[in-house]
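Asks: With the sequence up front, the predicted model follows.
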Amino acid sequence: MRKKNCCRYLLASLLALLLTTACEKDGVTVTQIRDFISLANDDGYIENLSNRVVHSYYTGPQGRALNVGWNGTGHAMRGFISFDLSDIMPPASRELVIDEALLKMYEANTNMHPFDGAGMRAVNCYLLEYGSLDKSDYDLAPFADCGTITSWGYNVLKEYPLKITSFMNSFHQANPTTTKFQFRLQFVPDGNVTPPSPLTSAMWSFFAGDETAKTDYRPTLTIKYHYRDQ
């Protein structure tokens, strides 16, 4: 019985070795997984006032958050998060392949009726490259529209995932040396309104990269990836 178990162990080890060798020969490594937390210094939200105002975060009832929606004077707000993939960039002779990219946000609060006040709307996510956040980024032309991340709220701490694999691969292929990129979250549509519109003070908030008490709820980008020879 021991001989059989020993033989099985040797066969399994040999098979694993052959698979590993084949992968190395083809220039491919086993898929790896890495979680990236948004860069607090480049996160923020912007109020669409006549002279736009940039905020690092909003201190809400649940903690530090980024607002998407409308402020108390009816001016629209858009949220921005930033990531840097420097740690997984390949050496010169190899190419990064993203097998899966999953963006995750966590709700901090929903105030009033941003999703169904004065018509139905959802929060869309756009892939950008703005570097450091400033006023001009409010309506910067996006690289891609990644789609709707949520069409409803009212559930504090809920995770809102969005699969963005194809957009990330397209971005990387178009910008192979760029490691830093951003996402803009906004309601669609999200024009300014005049009080007493039902959208005045209506907003959806998600935890910011600056959040310190609930660190597990910061914006996260989970990347599954491997390298291959160019």
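Replies: Thanks, I have the structure now. Residues are numbered from 1 along each chain as shown.

Asks: For beta bridges, what are the partners of residue 228?
Replies: residue 95 (DSSP bridges).

Asks: Name the nearest residue to residue 81, sequence neighbours excluded.
Replies: residue 38 (4.2 Å; Cβ to Cβ, 6 or more residues apart in numbering). The C-beta positions use only the backbone N, C-alpha and C, and glycine is treated the same way.

Asks: ok, the one you found to residue 70 distance?
Replies: With distances defined as Cβ to Cβ, to the nearest Å, the gap from residue 38 to residue 70 amounts to 23 Å.

Asks: Same check on residue 133?
Replies: Here the criterion is Cβ to Cβ. By it, residue 133 lies 20 Å from residue 70.

Asks: higher neighbour count, these two?
Replies: For residue 133 versus residue 70, neighbours defined as other Cβ atoms under 10 Å are more numerous around residue 70 (29 against 22).

Asks: Now do the more buried one against residue 41, distance only.
Replies: Using Cβ to Cβ, residue 70 is found at 26 Å from residue 41.

Asks: same check, this time on residue 113
Replies: In terms of Cβ to Cβ, residue 113 sits 33 Å off from residue 41.

Asks: quick one, which of those two is more surrounded?
Replies: Using other Cβ under 10 Å as the criterion, residue 113 and residue 41 rank with residue 113 on top: 15 against 12.

Asks: How about the secondary structure of that one?
Replies: Using DSSP: H, G, I helix; E, B strand; the rest coil, the structure places residue 113 in coil.

Asks: What sits closest to it if chain neighbours are left out?
Replies: Looking at residue 113 with Cβ to Cβ, 6+ apart, the closest residue is residue 202, at 5.4 Å.

Asks: pLDDT at the one you found, what is it?
Replies: Model confidence at residue 202, expressed as pLDDT, equals 98.

Asks: That one contacts residue 109, correct?
Replies: No. Under the criterion of Cβ atoms under 8 Å, residue 202 makes no contact with residue 109, lying 11.5 Å away.

Asks: Which one's more surrounded, those two?
Replies: residue 202 (23 against 19).

Asks: May I have the residues that are in contact with the more buried one?
Replies: Counting by Cβ atoms under 8 Å, 6 or more residues apart in numbering, residue 202 touches 69, 70, 111, 112, 113, 114, 117.

Asks: tell me what the host helix or strand of residue 173 is packed against?
Replies: In this structure, residue 173 is located in helix 165-174 according to DSSP states H and E. Contacts of helix 165-174 with other secondary structure elements, assessed using 3 or more Cβ pairs under 8 Å, 6 or more residues apart in numbering; DSSP states H and E, are made with strand 94-111, strand 122-128, strand 144-150.

Asks: For residue 182, which of those is the nearest?
Replies: Distances from residue 182 to each of the helices and strands packed on helix 165-174 were compared using Cβ to Cβ; the minimum, 4.6 Å, belongs to strand 122-128.
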